[in-house]
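K.L.:
Need a 3D model of the sequence below.
(4 chains)
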Protein chains: 4
Amino acid sequence: MTFKVDFKVRDYECDVQGIVNNSVYFNYLEHARHEFLHAQGINFAKLAEDKINLVVLRSEMDYKSSLRPGDAFYVVVKLERVSRLKFGFRQTVYRKADQKVMLQALVIGTALNEKGRPFLLAEIDKLFE
Amino acid sequence: MTFKVDFKVRDYECDVQGIVNNSVYFNYLEHARHEFLHAQGINFAKLAEDKINLVVLRSEMDYKSSLRPGDAFYVVVKLERVSRLKFGFRQTVYRKADQKVMLQALVIGTALNEKGRPFLLAEIDKLFE
Amino acid sequence: MTFKVDFKVRDYECDVQGIVNNSVYFNYLEHARHEFLHAQGINFAKLAEDKINLVVLRSEMDYKSSLRPGDAFYVVVKLERVSRLKFGFRQTVYRKADQKVMLQALVIGTALNEKGRPFLLAEIDKLFE
Amino acid sequence: MTFKVDFKVRDYECDVQGIVNNSVYFNYLEHARHEFLHAQGINFAKLAEDKINLVVLRSEMDYKSSLRPGDAFYVVVKLERVSRLKFGFRQTVYRKADQKVMLQALVIGTALNEKGRPFLLAEIDKLFE
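P.N.:
Next up is the predicted model:
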């Protein structure tokens, strides 16, 4: 299952080096994951209201090159199963102008129930069928 | 070489789940690294003005537990050499109330010269003597 | 002169109240202003590289209602002259679903030269002809 | 009633102009207001959990000068009654090195009950006795 979200760098996302600040890629990746989940009928914010929290357990990010003010780019999201309760998102950031890979990431998460215990969210389990 | 920076969670750093947003840990870790470097006489912002950019190449982060509004915490920073041109920061986030480890991270970086080429910044090289 | 930029609320922009954090509207408004200027051939980031800084002197914001996760909205930008050296942006945030006004703002700015002195940027002066 | 919160500029809060981004002052002011309220026994995040939301209705900000990476500063908060249901925070940002006023703000807010209606929060009413 592959999914793609389009973005454009906003000036306020850039820091004193004149490039997108490292932490902002995390925002991009989160938004792309949530859009992906939303397209599958899974609403992060609504789940949070119901005390079901999708959380990140681990992230690995490889910064290949830096996005700059005004750059158009997109984030590709691929979902994979890591274990019964854990799922992984392979995410890649491509600069639109030349399809250059700017960042590669693996983000591993799970769902927590009201008591903060990992559990198998049926809506996510269904994605692997 | 170990270094410690104190923080307190600010409400605006928390998201709809009522916990610190994942991307914000990246801000915390960056600030702790820059304070560490500053204490060694290395000024990230001044270097950027001189077109010398300290950049992150890779990050690995393990989220152990979630900080909440008002939590006091600190970030411990340890520097290690990864290769001639690459250095790594082992960073751990501890909640102050109970010394619980909230997050563990490895952040690998290098210095880029005006042309964007990795080079050995003397001030950083000196830290490993 | 009227200009419009489309947005969609991202989950990370929302806080513990489940709504877009007040400070984030400032990001939205800034991005809309910069897109407006860009469409007129004025590049905020490039100017900054040349030590010419467009700065905000005063902002007035009236929060009418709150954007929520996933809301589509747009920002309308109107430019007006405040004085010889100052220009004002009237900005309104509309929720797309029902055209409801969510926020109204007046942002007054000027251009600073290399020495930090206000001056008349020809490219902006031309916008009032 | 006067209250003071100490801060230090973090590099990630600065933008391509090498100064603190305008939107970030909003974060500073919010944190100072919440610390002020907290000192009076009013917990913004806890109230939000109980569906009572303290919200901003209007903000006026005058940017006098720009904070830079590493600057130490403090925010002074004064509370005043605007009407029966509205309260105002006069907030001033001072740079520590020279006590220079960097920003002056008036932020007007109210409390909303579960239904989103303004109401008189007893804990806030008490602050004006």
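K.L.:
Which element, helix or strand, includes the closest residue to residue A:29 other than its chain neighbours?
P.N.:
The shortest distance from residue A:29 to any residue other than its chain neighbours is 5.1 Å, reached at residue A:91 (C-beta to C-beta, 6 or more residues apart in numbering or on different chains). Bear in mind the C-beta positions are built from the backbone N, C-alpha and C, glycine included. According to DSSP states H and E, residue A:91 maps onto strand A:87-95.
K.L.:
Can you name every helix or strand that that strand contacts?
P.N.:
Secondary-structure packing of strand A:87-95 (3 or more C-beta pairs under 8 Å, 6 or more residues apart in numbering or on different chains; DSSP states H and E): helix A:22-39, strand A:72-81, strand A:101-112.
K.L.:
Adding mean neighbour count, write those out as a markdown table.
P.N.:
As requested, these are arranged in a markdown table below (neighbours: other C-beta atoms under 10 Å in any protein chain shown):
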| stretch | mean neighbour count |
| --- | --- |
| helix A:22-39 | 22 |
| strand A:72-81 | 17 |
| strand A:101-112 | 20 |
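K.L.:
and these as JSON lines, adding mean pLDDT and distance to residue A:58?
P.N.:
Putting these into JSON lines (pLDDT from 0 to 100; distance: least, C-beta to C-beta, whole Å) gives the following:
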{"stretch": "helix A:22-39", "mean pLDDT": "97", "distance to residue A:58": "13"}
{"stretch": "strand A:72-81", "mean pLDDT": "97", "distance to residue A:58": "14"}
{"stretch": "strand A:101-112", "mean pLDDT": "98", "distance to residue A:58": "5"}
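K.L.:
one step back: dump the C-alpha coordinates for the strand holding residue A:91 into CSV.
P.N.:
Taking Å, rounded to 0.1, in the frame of the first residue of the first chain, the C-alpha atoms of strand A:87-95 are listed here in CSV:
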residue,chain,number,x,y,z
PHE,A,87,3.4,-1.4,12.6
GLY,A,88,6.0,0.4,10.7
PHE,A,89,5.8,3.3,8.2
ARG,A,90,8.5,3.6,5.6
GLN,A,91,8.5,7.2,4.6
THR,A,92,10.5,9.0,1.9
VAL,A,93,10.7,12.7,1.2
TYR,A,94,11.2,13.6,-2.5
ARG,A,95,11.9,17.1,-3.8
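K.L.:
quick one on the thing from earlier: near the residue nearest to residue A:29, how many residues? Count them for me, please.
P.N.:
Neighbourhood size, residue A:91 [other C-beta atoms under 10 Å in any protein chain shown]: 25.
K.L.:
check contacts around residue A:63.
P.N.:
Neighbouring residues of residue A:63 by C-beta atoms under 8 Å, 6 or more residues apart in numbering or on different chains: A:22, A:25, A:102, A:103, B:55, B:56, B:57, B:58, B:59.
K.L.:
three-state assignment of the last one?
P.N.:
Right, the one you point to is residue B:59. Of the three states, residue B:59 takes strand according to DSSP: H, G, I helix; E, B strand; the rest coil.
K.L.:
Could you list everything it pairs with in the sheet?
P.N.:
According to DSSP bridges, the partner residues bridging residue B:59 are residue A:61, residue B:107.
K.L.:
just the fifth one next, same as before
P.N.:
Taking DSSP bridges, one finds residue B:110 as the beta-bridge partners of residue B:55.
K.L.:
That one against residue B:109, yeah?
P.N.:
Yes: using C-beta atoms under 8 Å, residue B:55 makes contact with residue B:109 at a distance of 5.9 Å.
K.L.:
Widest-spaced pair of the contacts of residue A:63?
P.N.:
Using C-beta to C-beta, those reach their maximum pairwise distance at A:102 and B:59, which is 14.5 Å.
K.L.:
Quick check, residue A:25 in contact with residue A:93.
P.N.:
Yes: taking contacts as C-beta under 8 Å, residue A:25 lies within contact range of residue A:93: 6.8 Å.
K.L.:
hang on, the earlier thing: now render the helices and strands packed on strand A:87-95 as a markdown table, adding distance to residue C:63.
P.N.:
As requested, the helices and strands packed on strand A:87-95 are exported to a markdown table (distance: least, C-beta to C-beta, whole Å):
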| stretch | distance to residue C:63 |
| --- | --- |
| helix A:22-39 | 23 |
| strand A:72-81 | 31 |
| strand A:101-112 | 32 |
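K.L.:
The residue of chain A most remote from its centre: helix or strand, and which one exactly?
P.N.:
If you look at how far each residue of chain A sits from its centre, by C-alpha atoms, centre = their mean, the farthest one is residue A:16, at 25.1 Å. Assigned by DSSP H and E, residue A:16 falls within no helix or strand.
K.L.:
and it, what does it touch?
P.N.:
Applying C-beta under 8 Å, 6+ apart, the residues near residue A:16 are B:44, B:45, B:48, B:49, D:11, D:14, D:15, D:16, D:18, D:69.
K.L.:
Return the members of those classed as buried.
P.N.:
Applying 16 or more other C-beta atoms under 10 Å in any protein chain shown to these, the neighbour count classes B:44, B:45, B:48, D:11, D:14, D:15, D:16, D:18, D:69 as buried.
K.L.:
Wasn't the second one part of a helix?
P.N.:
By that I understand residue B:45. Yes: counting by three-state DSSP, residue B:45 falls inside a helix.
K.L.:
Now do the same for the nearest residue to it once chain neighbours are set aside: helix, strand or coil?
P.N.:
Distances taken as C-beta to C-beta, 6+ apart put residue D:69 closest to residue B:45, at 3.7 Å, once the chain neighbours are dropped. Put simply, residue D:69 is coil when judged by three-state DSSP.
K.L.:
per-residue pLDDT, residue D:69?
P.N.:
Per-residue confidence (pLDDT) for residue D:69: 97.
K.L.:
isn't it right next to residue D:12, touching?
P.N.:
No: with contact defined as C-beta under 8 Å, residue D:69 does not reach residue D:12; the gap is 9.6 Å.
K.L.:
ok, and the closest non-adjacent residue to residue A:21?
P.N.:
Spatial nearest neighbour of residue A:21, excluding adjacent residues (C-beta to C-beta, 6+ apart): residue A:15 at 4.2 Å.
K.L.:
pretty sure that neighbour is touching residue D:10, no?
P.N.:
No: look at residue A:15 against residue D:10 with C-beta under 8 Å: they stay out of range, at 10.5 Å.
K.L.:
quick revisit: I'd like to know how far the residue farthest from the centre of chain A sits from residue B:10.
P.N.:
Separation of residue A:16 from residue B:10 (C-beta to C-beta, to the nearest Å): 21 Å.
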